[in-house]
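Enquirer: Turn this into a structure:
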Amino acid sequence: VSVAVRDSLVYVLNAGNDGSIVGFRTNRDCELSPLAGGTRSLAGITDSFPSPAPGEVITTPAQISLSPDGRRLAITVKGGDAPATPAGLLPNGRMAVLSVSDRGVLGAPVVTPFDSVAQRGGPFGFIFIGNRTLFVTHGNSQSVGTYRNNGDNTLSLISGPFPTASFAPCWLD
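Expert: Down below sits the predicted model:
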């Protein structure tokens, strides 16, 4: 569903089943070789919520991106952890950030839950603004916000959420 590229590193985000990240290295002929230590299942990140069921379009991963310095890989998961109240809210969602070594090996994912009640539900698209700041769309809450990537790879809200003029904002450029 999404591809992240920096220099010779390529990471592919798969949304099927539990979801996964698969890493590759490119050579000068643009051939892809699997990256040792660059593959990670998203089980436990995408399948840990009871409703809606895992694999539903509003619960699957949406985007993957590398920070400009290539040291962090972030992904969005649109849904999960549906709030009990107030009625009618869509799932909260979450983001995961993984450290990336000089060789492209992925560290353990650090998950930050989002919150539909606070109008920050369903992170979908995002861009890095510098190495540690992300601008994120909240598709399930029709808003956007900025987040700081902390030293432990958790995310903290900097500004927002700011409502958008349309339903389910998806991508940023």
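Enquirer: on contacts alone, who are the packing partners of the lowest-mean-pLDDT helix or strand in the chain?
Expert: Between all helices and strands in the chain, the lowest mean by mean pLDDT, DSSP states H and E belongs to strand 32-41, at a mean of 91. Packing partners of strand 32-41 (3 or more C-beta pairs under 8 Å, 6 or more residues apart in numbering; DSSP states H and E): strand 9-14, strand 20-26. From N, CA and C alone the C-beta is placed, and that goes for glycine too.
Enquirer: For this structure, identify the residue most remote from the centre.
Expert: Checked against the mean C-alpha position of the chain, the extreme residue using C-alpha atoms, centre = their mean is residue 29, at a distance of 29.8 Å.
Enquirer: picking up where we left off before, strands paired with the least confident helix or strand of the chain, and their directions?
Expert: Using DSSP bridges, the strands paired with strand 32-41 are strand 20-26 (antiparallel).
Enquirer: Run through the residues that contact residue 41.
Expert: 18-20 (C-beta atoms under 8 Å, 6 or more residues apart in numbering).
Enquirer: any idea which of those has the most stuff around it?
Expert: With neighbours set by other C-beta atoms under 10 Å, the maximum within the contacts of residue 41 is found at residue 19, which has 23 neighbours.
Enquirer: hmm, back to that, from the contacts of residue 41, pick the one nearest residue 46.
Expert: Of all the contacts of residue 41, residue 46 sits closest to residue 19, with 4.5 Å by C-beta to C-beta.
Enquirer: Surely that closest one and residue 44 touch.
Expert: No: using C-beta atoms under 8 Å, residue 19 is not in contact with residue 44, being 10.2 Å away.
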